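Asker: no sequence on hand, only this structure:
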């Protein structure tokens, strides 16, 4: 039958804010078939060159490097890529501003260690994602869709565009561009979005009326997998907030959240899919929304603009920094190195690298969903060629053992009292706007279609994470409840 006809279930787990080099740069030796770290990469600083490095072991201090959180605003990323004295341009960036940008970041009285942003993990430290990358396939040419924060990149994954927004804080909600979820519904293909505490993707306008039935808790994903009831497309969002009430901790791997909890989530997703009756017809992709300020040495190429939207003179014609991407399927040969250009990428012309819109192009290809959403996904390579086995014969490990580590009450309390990061802050702002809109309309649907409202989120760190969680969860639960009543 072949992979294209055999794949009935696509599952995407999108984690937060880690670069390819920081997570998988040492998976294999650097060479022609793997563009990882040699160990000689450096960035300049006022005290001299700072080299990439590794801290052995995986105690909580190591697992949360870098701490504090690196800069992830559009301006931060331009500095990280092009350096202090070079304006962004069409030329390949030197990737030499990561340390310079990091030392500008502050979190209360915590001062950044310049070398923290150059840290990488070894396969022994992140065994879950590393084992899966070797058992199936790794893509070392997967870039964030744009050199922007979380929300622009997550909306790129769903709609093929950021709608002209380069940072989280100034979006209007709901996001009005057509999504791949709407396309799937229109083509009679099934989908669900599974989440832990809140789902950022609920803010897509064209699926908001379906939210109460399509957005499900992560435990429901585990149950659906066990029963063989996975939809054609599952998108999984991690836990973004700590919750002192139930002792849960973020598993999104957003710095400085502990990497081990994300490893546990990856293992849980894989084990559920691998043991599911759906396994032989499945494609699982584990990736990250953007690099979060962590060092990567590979210059992002120029990209096809998705549409005519511009902000601050930026046409969305550059990719963001590389992020980890692991491709898991019984149709993927073990140890695969998945690239769109086996001989290397051109900076200014095709072949283009994989980016988040490759999710859209792959879904369109596998399920015959029709034409492009934007010019970006029209040019995005699909993963179909990576599923090169004639039959689904690579079963990989029957189960992946996750590191056994539970958060202590003190750790949950520390995370809850820590300043909210950029993602937590903007989710809190969205939750407040949802609640305000519901109150103002006396119980009507809080986000009426066709009437987006400006977000205008405050700066990260103005709230603690627990206060941000309360705002976010209250608003999102109110949205789901009222949309359900309206439906």
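Answerer: Arrived safely. Only a predicted model underlies this, so the values are computations on that prediction, with no experimental measurement involved.
Asker: run through the neighbouring helices and strands of the helix or strand where residue 436 lies.
Answerer: Using DSSP states H and E, residue 436 falls within helix 422-440. Where contact means 3 or more Cβ pairs under 8 Å, 6 or more residues apart in numbering; DSSP states H and E, helix 422-440 is packed against helix 150-159, helix 465-486. No exception for glycine: its C-beta is placed from N, CA and C like everyone else's.
Asker: helix or strand right after that helix?
Answerer: strand 453-454.
Asker: now do that next one: everything it contacts.
Answerer: Contacts to strand 453-454, defined as Cβ atoms under 8 Å, 6 or more residues apart in numbering, come from residues 170-173, 433, 437, 447.
Asker: and the helices and strands packed on helix 422-440, which is most packed in?
Answerer: helix 150-159 (a mean of 27; mean count of other Cβ atoms under 10 Å).
Asker: that helix - what's its average pLDDT?
Answerer: Across helix 150-159, pLDDT averages out at 97.
Asker: who are the packing partners of that helix?
Answerer: Judged by 3+ Cβ pairs under 8 Å, 6+ apart, the packing partners of helix 150-159 are strand 9-15, helix 180-186, helix 357-367, helix 422-440.
Asker: could you pull out the strands for the chain?
Answerer: 9-15, 42-43, 50-51, 137-139, 142-143, 172-173, 191-195, 215-217, 233-236, 282-288, 325-328, 336-338, 354-355, 453-454 (DSSP state E).
Asker: which neighbouring elements make contact with the first one?
Answerer: When you say that, I think you mean strand 9-15. Secondary-structure packing of strand 9-15 (3+ Cβ pairs under 8 Å, 6+ apart): helix 150-159, strand 233-236, helix 259-274, strand 282-288, helix 357-367.
Asker: could you do the fifth one as well?
Answerer: Helices and strands touching strand 142-143, as assessed by 3+ Cβ pairs under 8 Å, 6+ apart, comprise strand 354-355.
Asker: distance check, residue 25 against residue 124.
Answerer: Distance of residue 25 to residue 124, given as Cβ to Cβ, to the nearest Å: 14 Å.
Asker: out of the helices and strands packed on strand 9-15, which gets nearest to residue 301?
Answerer: With distances scored as Cβ to Cβ, the stretch of the helices and strands packed on strand 9-15 nearest to residue 301 is helix 357-367 (14.1 Å).
Asker: between the closest one and strand 9-15, how many degrees?
Answerer: Helix 357-367 runs at 170 degrees relative to strand 9-15, counting by axes from the mean of the first three to the mean of the last three Cα atoms, to 10 degrees.
Asker: which residues touch helix 357-367?
Answerer: For helix 357-367, the external contacting residues (Cβ under 8 Å, 6+ apart) are 4, 7, 10, 12, 142, 145, 156-158, 160, 180, 183-184, 187, 189, 232-233, 283, 285, 306, 369-374, 376-378, 380-384.
Asker: make a ChimeraX selection of the buried ones in these.
Answerer: ChimeraX command restricting the contacts of helix 357-367 to the buried ones, with burial defined by 16 or more other Cβ atoms under 10 Å:
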select :7,10,12,142,145,156,157,158,160,180,183,184,189,232,233,283,285,306,369,372,373,374,376,377,378,380,381,382,383,384
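Asker: how many other residues sit next to residue 326?
Answerer: By the criterion of other Cβ atoms under 10 Å, residue 326 has 29 neighbours.
Asker: quick one: contacts for it?
Answerer: Going by Cβ under 8 Å, 6+ apart, residue 326 touches 129, 132-133, 136-139, 285-287.
Asker: how about low-confidence regions in this structure?
Answerer: Residue ranges of the chain with pLDDT under 70: 1-2, 106-109, 438, 440-451, 483-487.
Asker: can you tell me the centre-most residue of it?
Answerer: Nearest to the mean C-alpha position of the chain, by Cα atoms, centre = their mean, lies residue 289 at 2.4 Å.
Asker: excluding sequence neighbours, find me the nearest residue to residue 327.
Answerer: Distances taken as Cβ to Cβ, 6 or more residues apart in numbering place residue 137 nearest to residue 327, at 4.2 Å, with adjacent residues excluded.
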